[in-house]
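S.K.: need a 3D model of the sequence below.
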Amino acid sequence: MTTRQSRIKRVTQSDVAAMAGVSTAVVSAVTSSKPGKTIRVGKDAEKRVRAAMETLGYAPNVVAQSLAGGKRNIIGVFTYEAIFPSDSENFFYPFLLGIERGAMTLGQDLLLFTSSSLEQGPRSIFPNGANRMGVADGAILLGEEPDKRELKQLYDTGFPFVTIGRRDPEDADVNWVAADYITAVADVVKRCTELGHRKLKFVGATNVREQNADRETGFLQQQESGLELSVERLAAEEIDANWLTRCLNDGNTVVLTETFKHAVALERQVLAQHGTVPETISIVALAAPLSRPADVERWTRISVPREEMGELAVRNLISQISSPDNAAIKATLPCGLVPGSTLKNN
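M.R.: Reported below is the predicted structural model:
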């Protein structure tokens, strides 16, 4: 039996009723928001129903309660970020533009889930034990640090979703649309070699997620090209004067930073030692900043096709909704290189 075949089907009121030991009418009465209910439910029965809902991940489908079944042509959009990306300078905002364009093309309405935050901590798909996104046919998930356990839980309910960014939780064949960081970073290394650089350092974050691993893989792919490549992972705050001195003394002429924050921290240390970028050392940022600074254009960096990724996520989600038994769609889109002025001939 394949992983997809063994998945749990979308949870129904009948499943909840069976676990709670009540009738579906009782479950309906507990979940209904309509006044004047005709069925009175005891506290013990209601407690069992709500416990079963939480265990099974059941979300009352309020749209289906008012309309007779079928697809609603509604796509949910959920983000793990603390603030929904409504600012045009926010890194995630172009994804929303692409999602909107894709939804309009395919005749879908968008439903933004903006109130799923816990009292403390990050946003949650299951803030009260149930998937509130069940009012939509499926959803697109955004965010830097998704909870892998929630992704697995959402996958097990059979609810259709696509993540923007490669996400591979254990035992879950997730649909995703991602940037092709492996090829992009390999191309950056090749460009550095064309400019005469032979000793390159990759500096990355300590928390290694899928996109971090992809960038490192692309960097190390060029190990056999006669280059001296090294990888170091540390917090941006740890890039101090001593670290820069060691980096220069080791003969590195260019640093590829996994995050824009690392790039800025490195330049700050260069300037503090009365040097300049790229004269003292070249820097290439392998990620765009989360909030776009005024001087971003001067940085040599990778550009991610965010609008295109958002639009493709919609198309792939509709495909999954239409054919739920098909294999998961995992798609990557090529990145670009913005020349900037922080990389020079060696």
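S.K.: identify the residue nearest residue 101 in space, chain neighbours excluded?
M.R.: Spatially, and ignoring its direct neighbours in sequence, residue 101 is nearest to residue 311 (5.3 Å; CB to CB, 6 or more residues apart in numbering). Every C-beta, even on glycine, is put in place using the N, C-alpha and C of the backbone.
S.K.: contacting residues for the one you found?
M.R.: 98, 99, 101, 102, 105 (CB atoms under 8 Å, 6 or more residues apart in numbering).
S.K.: quick one: the strands in the stretch 51-200 of the chain?
M.R.: 74-79, 109-113, 138-142, 161-164, 175-179, 199-204 (DSSP state E, counting those that start in this stretch).
S.K.: host element of residue 316?
M.R.: helix 306-322 (DSSP states H and E).
S.K.: mind listing what's buried in that helix?
M.R.: 306-318, 320-321 (16 or more other CB atoms under 10 Å).
S.K.: quick check, nearest of these to residue 53?
M.R.: Nearest to residue 53 among the buried residues of helix 306-322: residue 321, at 23.0 Å, using CB to CB.
S.K.: now do residue 195 against residue 313, distance only.
M.R.: 35 Å (CB to CB, to the nearest Å).
S.K.: equivalent analysis for residue 146, please.
M.R.: When CB to CB is the yardstick, residue 146 and residue 313 sit 14 Å from each other.
S.K.: go on, residue 340?
M.R.: According to CB to CB, residue 340 stands 28 Å off from residue 313.
S.K.: what residues does the nearest residue to residue 94 once chain neighbours are set aside make contact with?
M.R.: Sequence neighbours aside, residue 306 is the residue nearest to residue 94 in space, at 3.8 Å (criterion: CB to CB, 6+ apart). Under the criterion of CB under 8 Å, 6+ apart, the neighbours of residue 306 are 91, 92, 94, 95, 98.
S.K.: can I get those in JSON lines with pLDDT, neighbour count and distance to residue 191?
M.R.: Output for these, formatted as JSON lines (pLDDT from 0 to 100; neighbours: other CB atoms under 10 Å; distance: CB to CB, whole Å):
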{"residue": "91", "pLDDT": "85", "neighbour count": "20", "distance to residue 191": "23"}
{"residue": "92", "pLDDT": "87", "neighbour count": "20", "distance to residue 191": "27"}
{"residue": "94", "pLDDT": "92", "neighbour count": "19", "distance to residue 191": "24"}
{"residue": "95", "pLDDT": "94", "neighbour count": "26", "distance to residue 191": "27"}
{"residue": "98", "pLDDT": "95", "neighbour count": "22", "distance to residue 191": "27"}
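S.K.: please parse this protein into its domains.
M.R.: Structural domains assigned to the chain are 1-58, 181-303, following automatic domain parsing.
S.K.: what about the closest residue to residue 297 other than its chain neighbours, neighbour count?
M.R.: Here the nearest residue to residue 297 in space, its sequence neighbours aside, is residue 340; by CB to CB, 6+ apart that works out to 7.2 Å. Residues within reach of residue 340, counting by other CB atoms under 10 Å, total 16.
S.K.: how about the helices in the stretch 151-300 of the chain?
M.R.: In the stretch 151-300 of the chain, the segments counted as helices under DSSP state H, counting those that start in this stretch are 181-194, 210-220, 241-249, 260-272.
S.K.: quick one on the thing from earlier: residue 297: which of the contacts of residue 311 is nearest?
M.R.: Out of the contacts of residue 311, the member with the shortest distance to residue 297 (by CB to CB) is residue 98, at 21.8 Å.
S.K.: hmm, residue 304 and that closest one touching each other?
M.R.: No. Counting by CB atoms under 8 Å, residue 304 is not a contact partner of residue 98; they are 11.3 Å apart.
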